[in-house]
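Q: this is a predicted model, with the sequence first.
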Amino acid sequence: MGGRTRESETHPPQTTASDTLADTESAGTQTDAKLETAKDDATPASSRLPRSVRPDRAGLIVAGAALAACGGLVLYGVLATGQSDGPPERSTPTAAVTYEVTGQGTAHITYQAHSETGQAIVAKAAALPWHKTVDVPLGREPIVSIVLGENGGKAHCALAIGGRHVQSATAIGEFGRATCSGSLPAGEGEY
């Protein structure tokens, strides 16, 4: 009995390197799962959402800036409208001038009106009788000219400033012409 071993004795099972690796990976996976669960409980709900669903901070900043700019424009509009409650001031004093063309048929009528540069207004083939009252800047010369058509005829032009008759003229025949003019003072007067 001396040197012999019994076979009935129990030996611990032999483990291989692959068995040890599998056990370690299994334990690691369980540990990773526990860490993920703990991490999920500690992070806000918005961070757990997929990237496409989470709010974008840059987008929120841009939207906030746009909203602030719109609010500023509305405020400026409200404050700016309160500054001018009165009627707009006229930059150039004017006088009321009445032009009148009588006759039959049509005529081309050229007259000066509101233009501060002195440009004329043309009424082509205006039906007669024709009459117009306009404001003419002081210092300008009110004028009305008539030109009859190829059918000729007879037309009479007249000019009144501030209700007072100033001048009249008559055009007769084919392409007949007549002009009426007056003068306005350069400064404000009784017109």
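A: Thanks, I have it. Just so it is clear, the model here is predicted, and its values are computed rather than measured.
Q: what ranges do the strands span in this protein?
A: Ranges of strands within the chain are 94-103, 106-112, 120-127, 130-137, 143-148, 154-161, 164-172, 177-181, based on DSSP state E.
Q: out of those strands, which one sits most buried?
A: Burial of the strands of the chain is given as mean neighbour count (mean count of other Cβ atoms under 10 Å); strand 143-148 ranks first at a mean of 22. From N, CA and C alone the C-beta is placed, and that goes for glycine too.
Q: that one vs strand 154-161, what angle?
A: 170 degrees (axes from the mean of the first three to the mean of the last three Cα atoms, to 10 degrees).
Q: who's residue 110 bridged to?
A: Counting by DSSP bridges, residue 110 is bridged to residue 122, residue 145.
Q: rewinding a little: tabulate the strands of the chain (TSV), appending distance to residue 58 and mean pLDDT.
A: Below are the strands of the chain laid out as TSV (distance: least, Cβ to Cβ, whole Å; pLDDT from 0 to 100):
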stretch	distance to residue 58	mean pLDDT
strand 94-103	58	93
strand 106-112	62	93
strand 120-127	58	91
strand 130-137	58	91
strand 143-148	67	95
strand 154-161	69	94
strand 164-172	73	94
strand 177-181	71	95
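Q: need the ones you listed in CSV with distance to residue 64, can you?
A: Compiled in CSV, the strands of the chain are given as follows (distance: least, Cβ to Cβ, whole Å):
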stretch, distance to residue 64
strand 94-103, 52
strand 106-112, 57
strand 120-127, 54
strand 130-137, 52
strand 143-148, 62
strand 154-161, 63
strand 164-172, 67
strand 177-181, 66
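Q: domains of this protein?
A: Following automatic domain parsing, one gets these domains for the chain: 17-79, 94-181.
Q: what about residue 149, how many neighbours?
A: Residue 149 has 14 neighbours, counted by other Cβ atoms under 10 Å.
Q: so what's the residue lying closest to it once chain neighbours are set aside up against?
A: Nearest residue to residue 149, sequence neighbours excluded (Cβ to Cβ, 6 or more residues apart in numbering): residue 106, at 6.2 Å. If you count contacts by Cβ atoms under 8 Å, 6 or more residues apart in numbering, residue 106 has them with 125-128, 149.
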